[in-house]
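Novice: A predicted structure for the sequence below; I have some questions about it.
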Amino acid sequence: MPKKIAAPPPETQPSPRPFAYRNRLLHCDGADLTSLAAEHGTPLYVYSAQQISHRFQLFAEAFASRPHTICYAVKANSSLAILRLLAKQRAGFDIVSGGELERVRKAHKPALKKVVFSGVGKQIWEIDAALNADILLFNVESEAELHLLAARAEACNKVAPFALRVNPDVFAETHPYISTGLSEHKFGIDIKAARAIYRSAKKTKWLDPAGVSVHIGSQIRKVDPFAAALTRVTSLIADLRKDGHNIRYVDAGGGLGVDYGATAFDPAKQVAKYAAALTKSLGEESAHLLLEPGRFIIAQAGALLTRVLYVKKNGTKTFIITDAGMNDLIRPALYHAHHEIIPIKQPTGKSTLTADIVGPVCESGDFFARDRTLPPVKPNDLVLLLDAGAYGMSQTSNYNSRPRPAEILIDGDITKLIRRRETMRDLLAPELL
Ligand SMILES: *Cc1c(COP(=O)(O)O)cnc(C)c1O
């Protein structure tokens, strides 16, 4: 049952993070994290519905002057409750698998018609499911995929609306694992080859060339690469119109970054800059704009609450061992990502310690921070890993046979368990002996 808590003090401009100290204890909006940990255990993902909605509205307002649909990237955080929260604000969804399609169907069925389907490796069953769900747009990433899409559309007796995901060959300054817009990457179709492929699609009545799409990567902090990519896309659309294609959608992808550091960050300013850059690149182009933000909407709305198990010294180094590990949050191990780590009890003094914050998993890559200076913590203390809302829970695994964490959504004065902690039974359920 959702539980009522004291309403948080009204704020006109929510801070970029919903986590703040009240009476020296860390809260998420109105909810006291110490009590949440006592009731639900740790590790525990905690999200603020208010912050998620706020970020979504920032996007909606920034693009209010032109027809657009914000297709939230499901892979950033695919919790059904969060998908439903966004669907109720009229979000569409960017999916990359048949599994994500099922999540959208379950969260809010009418949103299926606002789904765009991206991904370099779509399988027949996934294409068929999306065709039969009458999604908005297939973002096609190769010529071979386009041929398969035409064949499946005919088999399903559906006309497939598609956009080619073009590779604009622009450099986006981000981690190499999440940069996608250079010709050396596996993503998209060389923008120079696109026009001929659209032309070939005219040969079949089962394909509807409805748009052009681009996505250059993730956690991109400067807006210039987005603008450069969209300028190339806009000029391609002009050519496609000359060729007689009825292009209705321009999909600008996702990838707008957030600030994972301790410094102040103004999300409203960031999204305004982004919108201005995209709008400028689009010029007179009137196609319906599709946006696919993931991280920007959800990263800072969520955090991972974990308990300190042990503090130990090896030679000169101190290790803080938490009950969360790389299977619960893989970003530091995978991308060397930075997460701020703060104690649940507001520190009173100025003393600090420098330590590696690590998980229990049997890998040296299982760390959350190295040589991090933070207020002294001792076993049984709770700490919070900030900005873990995106690519946190959605990248969890059962590695080391560890059950996945539970998830809590704070919605105004309601605290809701949106995913229970996995049990030993869950862990062993799919296996046959
Ligand atoms: C991952 C992805 C997104 C979302 O990226 P963010 O950095 O989370 O905004 C959007 N579109 C496509 C095609 C993606 O692969």
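Specialist: The structure has been received and is ready for your questions.
Novice: Tell me where the model's unsure across the stretch 101-250 of the chain.
Specialist: Applying pLDDT under 70 to the stretch 101-250 of the chain flags no residue at all.
Novice: For Leu382, which residues are in contact?
Specialist: Residues near Leu382 by CB atoms under 8 Å, 6 or more residues apart in numbering: Leu33, Thr34, Ala37, Thr42, Leu305, Thr306, Arg307, Val308, Pro343, Ile344, Lys345. All C-beta spots, glycine's among them, are computed from the backbone N, C-alpha and C.
Novice: For the last one, give the beta-bridge partners.
Specialist: Note on Lys345: beta-bridge partners by DSSP bridges are Leu25.
Novice: which residues touch it?
Specialist: Arg24, Leu25, Leu26, Asp381, Leu382.
Novice: Please report how far the last one lies from the ligand.
Specialist: This means Leu382. Distance of Leu382 to the ligand, given as CB to the nearest ligand atom, to the nearest Å: 28 Å.
Novice: What score does that residue have for pLDDT?
Specialist: pLDDT for Leu382: 98.
Novice: Give the bridge partners for it, please.
Specialist: Arg307.
Novice: Which helix or strand contains the residue of the stretch 301-433 of the chain found nearest the ligand?
Specialist: The nearest approach of the stretch 301-433 of the chain to the ligand comes at Ala390, 5.9 Å away (CB to the nearest ligand atom). Under DSSP states H and E, no helix or strand contains Ala390.
Novice: Double-check it against Gly302; I have them as touching.
Specialist: Yes. Ala390 lies in contact with Gly302 (CB atoms under 8 Å); the separation is 7.4 Å.
Novice: Tell me which of those two has more neighbours.
Specialist: Taking other CB atoms under 10 Å, Ala390 and Gly302 do not tie; Gly302 has more neighbours (30 against 26).
Novice: didn't that one look like it was pressed against Leu384?
Specialist: No. Assessed by CB under 8 Å, Gly302 is found out of contact with Leu384, at 10.5 Å.
Novice: re earlier: and the pLDDT at the closest residue in space to the residue of the stretch 301-433 of the chain closest to the ligand that isn't next to it in sequence?
Specialist: With sequence-adjacent residues excluded and distances taken as CB to CB, 6 or more residues apart in numbering, Ala390 is closest to Ala299, at 3.8 Å. Ala299 carries a pLDDT value of 98.
Novice: now do Pro9
Specialist: pLDDT at Pro9 comes out at 49.
Novice: With only the CA atoms kept, save the host helix or strand of Leu417 in PDB.
Specialist: Counting by DSSP H and E, the element that carries Leu417 is strand 414-419. Extracted in PDB, the C-alpha atoms of strand 414-419 (Å, rounded to 0.1, in the frame of the first residue of the first chain):
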ATOM      1  CA  ILE A 414       2.800   9.400  -1.100                       C
ATOM      2  CA  THR A 415       5.600   6.900  -0.800                       C
ATOM      3  CA  LYS A 416       5.200   3.900  -3.100                       C
ATOM      4  CA  LEU A 417       7.100   0.700  -3.400                       C
ATOM      5  CA  ILE A 418       7.200   0.400  -7.300                       C
ATOM      6  CA  ARG A 419       9.400  -2.700  -7.400                       C
END
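Novice: which element follows that strand toward the C-terminus?
Specialist: With DSSP H and E, the next secondary element past strand 414-419 is helix 424-428.
Novice: what does the average pLDDT come to for that next one?
Specialist: Helix 424-428 comes out at a mean pLDDT of 98.
Novice: Give me every residue in the stretch 301-433 of the chain lying close to the ligand.
Specialist: Applying CB under 6 Å from any ligand atom, we find that the stretch 301-433 of the chain lies next to the ligand at Ala390.
Novice: Now the nearest residue to Asn132 once chain neighbours are set aside: phi and psi?
Specialist: Nearest non-adjacent residue to Asn132, counting by CB to CB, 6+ apart: Cys156, 6.1 Å away. The phi/psi pair for Cys156 (degrees, to the nearest 10) reads phi -90, psi 0.
Novice: same thing with Ser179?
Specialist: phi -100, psi 130.
Novice: ok so, going back, filter the contacts of Leu382 to the buried ones?
Specialist: Buried subset of the contacts of Leu382 (neighbour count, 16 or more other CB atoms under 10 Å): Leu33, Ala37, Thr42, Leu305, Thr306, Arg307, Val308, Pro343, Ile344, Lys345.
Novice: possible to save the residues you listed as a markdown table with distance to Glu292 and pLDDT?
Specialist: Shown next, in a markdown table, are the buried ones among the contacts of Leu382 (distance: CB to CB, whole Å; pLDDT from 0 to 100):
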| residue | distance to Glu292 | pLDDT |
| --- | --- | --- |
| Leu33 | 31 | 98 |
| Ala37 | 34 | 98 |
| Thr42 | 32 | 98 |
| Leu305 | 29 | 98 |
| Thr306 | 30 | 98 |
| Arg307 | 36 | 98 |
| Val308 | 38 | 98 |
| Pro343 | 36 | 97 |
| Ile344 | 34 | 97 |
| Lys345 | 39 | 97 |
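Novice: which of those residues lies closest to Gln51?
Specialist: Ranked by distance to Gln51 (CB to CB), those are led by Leu33 at 14.8 Å.
Novice: Look at the residue nearest to that closest one when sequence neighbours are not counted and say how many residues are nearby.
Specialist: Nearest non-adjacent residue to Leu33, counting by CB to CB, 6+ apart: Leu26, 5.0 Å away. Leu26 has 23 neighbours, counted by other CB under 10 Å.
Novice: repeat for Val361
Specialist: If you count neighbours by other CB under 10 Å, Val361 ends up with 20.
Novice: Now do the same contact list for the closest residue to it other than its chain neighbours.
Specialist: Nearest non-adjacent residue to Val361, counting by CB to CB, 6+ apart: Gly325, 4.0 Å away. Residues near Gly325 by CB under 8 Å, 6+ apart: Gly359, Pro360, Val361, Asp366, Asn400, Arg402.
Novice: What count of nearby residues applies to the first one?
Specialist: Taking other CB under 10 Å as the criterion, the count of residues near Gly359 is 26.
Novice: This completes my enquiry, with thanks.
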